[in-house]
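*Asks:* Provided below for reference: sequence and predicted model.
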Amino acid sequence: MFPRLSLPLMTLLVAFFTPAMALAHSDMGGTGFSAGFSHPVLGLDHLLAMLSVGMLSAQMGGRALLSVPLTFVVVMLVGGVMGMMGIPLFSIELGISLSVLVLGVAIAFGRRLPTVLVMVGVSFFAVFHGYAHGQEMPSIAQPVLYALGFAAGTGVIHLVGVFMVQLFKQLKQGRALVRYCGAGIAGVGIYLLSGL
């Protein structure tokens, strides 16, 4: 399974990184694509949540491999629009920190969860992540390029999570290693919650 998946995954990673590199010098002060791309990559809370979505979808397999990350990205963009428009949303940092904890626990649990349930859960958390991206967007940013940037950055992190799980599954204790990673992510989630 891994050899067949690794080439498409690597191709997608290159496809996501290429626009970021091509546009890196055209953002006029870092307010477009590259600024949006770097936002989910550079924040630990966002990074771990996005990584968890990819890992959880790969752990579940089947149609969850595509539907769970895609659901997250689409709903995150909706949350981003809400943030840009200033639509009120409660407890943004709490929602983001909870996403790290809950997604980490789901990975550590290691049981096959219903795909629809996971899609609903990641949708809930995606609103908070998207809202934070949209709210923190510089006022002079190019909104469409910025949104494409944070969607692409999120997609790349999801792919890294999928790739990690596929790689770990090739190891003798790989499934346990994935679960340990989930427990570690959940631990960071607890730490983030304790700082609120």
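*Replies:* Sure thing, it's come through. Numbering: from 1, shown residues only.
*Asks:* now tell me which helix or strand of the chain has the poorest mean pLDDT.
*Replies:* Lowest by mean pLDDT, DSSP states H and E among the helices and strands of the chain is helix 2-23, with a mean of 43.
*Asks:* quick check: chain neighbours aside, which residue is closest to residue 112?
*Replies:* Beyond its immediate neighbours in the sequence, the residue positioned closest to residue 112 (C-beta to C-beta, 6 or more residues apart in numbering) is residue 60, lying 6.2 Å away. Bear in mind the C-beta positions are built from the backbone N, C-alpha and C, glycine included.
*Asks:* need the contact list for the one you found.
*Replies:* Taking C-beta atoms under 8 Å, 6 or more residues apart in numbering as the criterion, residue 60 is in contact with 68, 112-113, 115, 118.
*Asks:* how about the residues you listed in JSON lines, adding secondary structure, pLDDT and distance to residue 178?
*Replies:* JSON lines is the format used below for those (DSSP: H, G, I helix; E, B strand; the rest coil; pLDDT from 0 to 100; distance: C-beta to C-beta, whole Å):
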{"residue": "68", "secondary structure": "helix", "pLDDT": "97", "distance to residue 178": "15"}
{"residue": "112", "secondary structure": "coil", "pLDDT": "85", "distance to residue 178": "13"}
{"residue": "113", "secondary structure": "coil", "pLDDT": "89", "distance to residue 178": "14"}
{"residue": "115", "secondary structure": "helix", "pLDDT": "95", "distance to residue 178": "18"}
{"residue": "118", "secondary structure": "helix", "pLDDT": "96", "distance to residue 178": "15"}
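*Asks:* farthest-separated two in those residues?
*Replies:* The two members of the contacts of residue 60 with the most space between them (C-beta to C-beta) are 68 and 112, at 12.6 Å.
*Asks:* ok, those two, which is more surrounded?
*Replies:* For residue 68 against residue 112, the residue with the higher neighbour count under other C-beta atoms under 10 Å is residue 68, and the figures read 24 against 12.
*Asks:* chain center to the strand or helix carrying residue 162: distance?
*Replies:* Per DSSP states H and E: residue 162 is located in helix 143-168. Its chain's C-alpha centre lies 6 Å from the corresponding centre of helix 143-168 when counted by C-alpha atoms, centre = their mean, to the nearest Å.
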